[in-house]
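Enquirer: What follows is a predicted protein model with its sequence.
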Amino acid sequence: MTSVIAGTLATALVALAIVATLLATVRMVRGPSRADRVVALDIFLAAAVVLCVAASLSTGRTVFLDVAVGLALVGFVGTVGWARLIEGSASAPAQGPGA
């Protein structure tokens, strides 16, 4: 019975990850700002984490959970880095010939 529940949950997770990826692709293409694209990349990484969890549920192997934790950490560090880059470029004073 639990394997049926795990299989159903894994299928639902994959379907939700596909929907999230499609919506993030639209946000990535339409933009218009860098922040929108960074959020879309963050959603791509979150979908990859969800797919790793679904793979772990369907196969019963815990190695996919280790990969999911690694992806989540890399995604967090990358998002913080992009946020600092965007914040720095937005708050930097104009450096032009007339400044």
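Expert: Yep, that arrived.
Enquirer: Can you tell me, leaving aside adjacent residues, what's nearest to the residue nearest the centre of the chain?
Expert: With distances taken as C-alpha atoms, centre = their mean, Leu45 lies nearest the centre of the chain, 2.6 Å away. Leaving aside its sequence neighbours, Leu45 sits nearest to Gly75 (C-beta to C-beta, 6 or more residues apart in numbering; 3.6 Å). For glycine as for every other residue, the C-beta is placed from the backbone atoms N, C-alpha and C.
Enquirer: just to revisit the earlier point, to which secondary structure element is the residue nearest to the centre of the chain assigned?
Expert: Counting by DSSP states H and E, the element that carries Leu45 is helix 34-59.
Enquirer: and the helix or strand following that helix, how far out from the chain's middle?
Expert: Moving toward the C-terminus from helix 34-59, the next helix or strand (DSSP H and E) is helix 63-91. Distance of helix 63-91 from the chain centroid (C-alpha atoms, centre = their mean, to the nearest Å) equals 9 Å.
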